[in-house]
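Undergrad: Structure for this input, please:
(chains A, B, C and D)
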Number of protein chains: 4
Amino acid sequence: MDTVISGKQDTALLVIDPYNDFISEGGKVWDRLKAVAEANHCVPHMLQVLDAARKAELRVFYALHRRYRPGDYETWKHIAPIQKAAWSRKTFEYGTWGGEIRPEFAPRPGEIVAQEHWCSSGFANTDLDLLLKTHGIHKLIVIGLLAHTCVEATVRFAAELGYEVTVVKDATASYSDDHMHAALDVNMPSYASAIVTTNELVEALSFTGERR
Amino acid sequence: MDTVISGKQDTALLVIDPYNDFISEGGKVWDRLKAVAEANHCVPHMLQVLDAARKAELRVFYALHRRYRPGDYETWKHIAPIQKAAWSRKTFEYGTWGGEIRPEFAPRPGEIVAQEHWCSSGFANTDLDLLLKTHGIHKLIVIGLLAHTCVEATVRFAAELGYEVTVVKDATASYSDDHMHAALDVNMPSYASAIVTTNELVEALSFTGERR
Amino acid sequence: MDTVISGKQDTALLVIDPYNDFISEGGKVWDRLKAVAEANHCVPHMLQVLDAARKAELRVFYALHRRYRPGDYETWKHIAPIQKAAWSRKTFEYGTWGGEIRPEFAPRPGEIVAQEHWCSSGFANTDLDLLLKTHGIHKLIVIGLLAHTCVEATVRFAAELGYEVTVVKDATASYSDDHMHAALDVNMPSYASAIVTTNELVEALSFTGERR
Amino acid sequence: MDTVISGKQDTALLVIDPYNDFISEGGKVWDRLKAVAEANHCVPHMLQVLDAARKAELRVFYALHRRYRPGDYETWKHIAPIQKAAWSRKTFEYGTWGGEIRPEFAPRPGEIVAQEHWCSSGFANTDLDLLLKTHGIHKLIVIGLLAHTCVEATVRFAAELGYEVTVVKDATASYSDDHMHAALDVNMPSYASAIVTTNELVEALSFTGERR
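TA: As a prediction, the model looks like this:
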């Protein structure tokens, strides 16, 4: 853990897609990930990490998926399967409850919300990389949804772009254990410098806080 | 002109920053560019080009500067001079008349508005390149403001990214003839495949329309 | 398949990392992927696809990993685990046999070799996207190695950047069935519009050739 | 100057295109820029800055234009005018003296040479941004050629990407005073946080060295 959270100045927490549609009872996708999310206490863990990061005065960033708006994709010639699915379900529809951030995760003043992205990576076609650089950030702690799509995509892009990444494995969820295994055990170890539990992270952050 | 507007399928009009603050009487920056803009009939020319492009059924895209919102830049460690100026003037302030698109230039259904950009290039840290690609666009006709900042930056980036660019030289403006000369005579000829007048462009587009 | 190979003008074959270190007996990584590669006939299938694409006059592009050179990574402050592994093994060492393309896969005149990439995605920090655009390519057929690292990363980035992707599932390989499953069954279906066999692809390409 | 060279850890020197074709007697482009370059002592100033940066232990990076190789551009559908010019002149031809770095500017061990770029910006379609990030660099001192093409393009992109830029105005050159004026007086003040003389920079760097 040492190398990952060595200093709070260049480390940020990145929260991915804490939309009601994903993590609130009644959300459009919640039923598909509920079993995994409840088994690993994903949502309370996400809150614990967010709380600990704020206490340690880490800068908090949000990477959010495009909230569906009428007209989206209609004129596109090339659409990835995951975009077709989002289109047909109108996931995270703008102006609806499902497309709002679950209240406990609302960004606070001084926290940075990047432009919404169209596919899975918080970095692709957005200002996330710019905003991290203008804040001097080189290391990311990543939490949020879904493990094998937006989280894995963002972790992969972060590594490609030169960021050092820590993933909190019980503060993410997906459709099944098989999806979690693919993301957390098979793929991310190549790109994330550390894959830790919420407990391990919170403990590491508490030292960071003290060290100030 | 032939090579630039050879077919409407892969050609788009790109309208840059038609905000009230730039091109409406009373806008925050209008007074600084009024002399040039009135001399070359910039705003009526922009409208003529927009109208001709719509008639020729070219896809229309908008590249817009970040509209100032409270908190912007406050936590940044690195800010370019042009951003400091935008910050101090609150140019294109979100929720104000100055930060609205001048009504005649309002996007219509099926026209594509890219994410707002933070500096000058419509491509930097936005989804403009993605949206052009998903619509099969390879050639851009560029109009808007300011010639030596956002327009030149967007033209330079477009060329770097592999687009073929036509600039309409009397449908753009800047602070002085010196700024226009730097942008249109000194720099853009290296990056734009054609630099034309509104009349030349409208004529070329009318043929495109007929050829359908 | 129809939507993916509808026309050869905007479709390219993308060959990923056909280095001796990966796919030749004696290569540094071959032993780790040999079991999977021999079971699905990866290398002969890659050749079949390459041959069929050339016959159908598809443009062929190569996405290649950085060939290790002395000094690489030594001064970096942030290095992903997969880069540390490549560094310690000196995989694809420049000037050695392992860092050469296996002879049957050598690029021919008119085929395009993108700049080498540092991590896994052929698009990250390279000119691949530019070169595809300057050749009018919007659709990619992807073959090569490894399924869960460079291939999956390149497929994910391609989708993020607006390309339509076909993956040939028996013209790729990885360390185990578990890795193949994560890449081909769990993750890629979200990003690749089609995942086909070599036979299916070669048949589709032969029609493309005839249709000319 | 204070804000720009406040610490050597996050500041790098970026040397742009010190090719023989640009800055050596007999180079293909030298005759076109000789008058300006000799009037402002561009080449000796570039050497002074390079020497001072090395003494102050700043990391040195090189941004280099694509060296022409047979086949370049031949299959491209979209080529910017500046690329057509480079193609017709075979500027910086690979394997020739003109395409070599002028010997006094040769990179030393530990200095970083980014991938060659195809148009004007050292950042576009290359690994320059990645390499700066993996070395923790947020501030750039820029010298080299040509003021209104590669230097201005690289300065503009750097600002767009969140870097703080200092340009050394007498360690660059171009075709005429008009070109220098467009780049240094009209455009760069929007993007470069400081535009200084070689003397000013060398003095600032000497303090940086002492402060260690």
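Undergrad: so where do the strands sit in chain A?
TA: A:11-16, A:59-63, A:112-113, A:139-145, A:164-173, A:194-196 (DSSP state E).
Undergrad: Mean pLDDT, mean neighbour count and distance to chain C for those - can I get that in a markdown table?
TA: (Each C-beta comes from the backbone N, C-alpha and C, glycine too.) Formatted as a markdown table, the strands of chain A follow (pLDDT from 0 to 100; neighbours: other CB atoms under 10 Å in any protein chain shown; distance: least, CB to the nearest CB, whole Å):
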| stretch | mean pLDDT | mean neighbour count | distance to chain C |
| --- | --- | --- | --- |
| strand A:11-16 | 98 | 26 | 12 |
| strand A:59-63 | 98 | 23 | 13 |
| strand A:112-113 | 98 | 19 | 20 |
| strand A:139-145 | 98 | 27 | 8 |
| strand A:164-173 | 98 | 26 | 5 |
| strand A:194-196 | 98 | 20 | 9 |
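Undergrad: Relative to residue D:20, which of the ones you listed is closest?
TA: strand A:164-173 (39.4 Å; CB to CB).
Undergrad: Partner strands of the closest one and their direction?
TA: strand A:139-145 (parallel), strand A:194-196 (parallel) (DSSP bridges).
Undergrad: which one is residue A:112 nearest to, not counting chain neighbours?
TA: residue A:61 (4.8 Å; CB to CB, 6 or more residues apart in numbering or on different chains).
Undergrad: got it, and residue A:11?
TA: In space, residue A:11 is closest to residue A:139, 4.2 Å off (CB to CB, 6+ apart).
Undergrad: And for residue A:186?
TA: Closest residue to residue A:186 in three dimensions, ignoring its sequence neighbours and counting by CB to CB, 6+ apart: residue C:182, at 4.0 Å.
Undergrad: what's around that neighbour, how many residues?
TA: Residues contacting residue C:182 under the criterion other CB atoms under 10 Å in any protein chain shown number 26.
Undergrad: do you know how far it is from chain B?
TA: 26 Å (CB to the nearest CB, to the nearest Å).
Undergrad: what does the model give that residue for pLDDT?
TA: We note a pLDDT of 98 for residue C:182 in this prediction.
Undergrad: which residues does it contact?
TA: A:181, A:182, A:183, A:186, A:187, C:148 (CB atoms under 8 Å, 6 or more residues apart in numbering or on different chains).
Undergrad: swap the cut-off to 10 Å and go again
TA: Residues in contact with residue C:182, defined by CB atoms under 10 Å, 6 or more residues apart in numbering or on different chains, are A:148, A:152, A:178-179, A:181-183, A:185-187, C:147-148, C:152, C:174, C:176, C:188.
Undergrad: List only buried entries from those.
TA: With burial judged by 16 or more other CB atoms under 10 Å in any protein chain shown, the buried subset of the contacts of residue C:182 is A:148, A:152, A:179, A:181-183, A:186-187, C:147-148, C:152, C:174, C:188.
Undergrad: Correct me if wrong: residue A:72 contacts residue A:65.
TA: No. The pair residue A:72 / residue A:65 is not scored as a contact, 11.6 Å apart, by CB atoms under 10 Å.
Undergrad: what sits in contact with each of the two?
TA: Common neighbours of residue A:72 and residue A:65 (CB under 10 Å, 6+ apart) are A:86, A:118.
Undergrad: Looking at the two, which one has more neighbours?
TA: residue A:65 (23 against 17).
Undergrad: show me the contacts for that one.
TA: By CB under 10 Å, 6+ apart, the residues touching residue A:65 are A:16-17, A:19, A:21-22, A:86, A:91-92, A:99, A:116-120, A:122, A:145, A:149-150.
Undergrad: Equivalent analysis for residue A:189, please.
TA: A:167, A:195, C:81, C:82.
Undergrad: Including distance to residue A:129, could these go into TSV?
TA: Below are the contacts of residue A:189 laid out as TSV (distance: CB to CB, whole Å):
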residue	distance to residue A:129
A:167	18
A:195	22
C:81	21
C:82	20
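Undergrad: per-residue confidence for the closest residue to residue A:81 other than its chain neighbours?
TA: Spatially, and ignoring its direct neighbours in sequence, residue A:81 is nearest to residue C:190 (5.6 Å; CB to CB, 6+ apart). Here, the pLDDT recorded for residue C:190 equals 98.
Undergrad: cool, and residue A:4?
TA: 50.
Undergrad: do the same with residue A:208
TA: Residue A:208 is assigned 66 on the pLDDT scale.
Undergrad: and what of residue A:185?
TA: Reported pLDDT at residue A:185 in the predicted model: 98.
Undergrad: then stretch A:121-135 to PDB, C-alphas only?
TA: The C-alpha trace of stretch A:121-135 is given here as PDB (Å, rounded to 0.1, in the frame of the first residue of the first chain):
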ATOM      1  CA  SER A 121     -14.000   4.800 -19.700                       C
ATOM      2  CA  GLY A 122     -14.200   8.000 -17.600                       C
ATOM      3  CA  PHE A 123     -11.200   9.200 -19.600                       C
ATOM      4  CA  ALA A 124     -12.400   8.700 -23.200                       C
ATOM      5  CA  ASN A 125     -13.600  11.900 -24.900                       C
ATOM      6  CA  THR A 126     -13.800  13.800 -21.600                       C
ATOM      7  CA  ASP A 127     -11.900  16.300 -19.500                       C
ATOM      8  CA  LEU A 128     -11.000  13.900 -16.700                       C
ATOM      9  CA  ASP A 129      -7.400  13.600 -17.600                       C
ATOM     10  CA  LEU A 130      -7.100  17.400 -17.900                       C
ATOM     11  CA  LEU A 131      -8.800  18.000 -14.600                       C
ATOM     12  CA  LEU A 132      -6.600  15.500 -12.800                       C
ATOM     13  CA  LYS A 133      -3.500  17.200 -14.300                       C
ATOM     14  CA  THR A 134      -4.600  20.700 -13.400                       C
ATOM     15  CA  HIS A 135      -4.900  19.500  -9.800                       C
END
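Undergrad: So what's the gap between that stretch and the chain middle?
TA: Centroid separation between stretch A:121-135 and its chain, computed with CA atoms, centre = their mean, to the nearest Å, is 13 Å.
Undergrad: if you look at that stretch, does any of it touch chain B?
TA: Yes. Using CB under 10 Å from any CB of the partner chain, stretch A:121-135 reaches chain B at A:123, A:124, A:125, A:126, A:127, A:128, A:129, A:130, A:131, A:133, A:134, A:135.
Undergrad: Just give the number of residues close to the nearest residue in space to the first one that is not next to it in sequence.
TA: Distances taken as CB to CB, 6+ apart place residue A:157 nearest to residue A:123, at 4.0 Å, with adjacent residues excluded. The local packing of residue A:157 (other CB under 10 Å) involves 28 other residues.
Undergrad: quick revisit: just put the strands paired with strand A:164-173 in CSV and tack on distance to residue B:56.
TA: As requested, the strands paired with strand A:164-173 are exported to CSV (distance: least, CB to CB, whole Å):
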stretch, distance to residue B:56
strand A:139-145, 44
strand A:194-196, 54
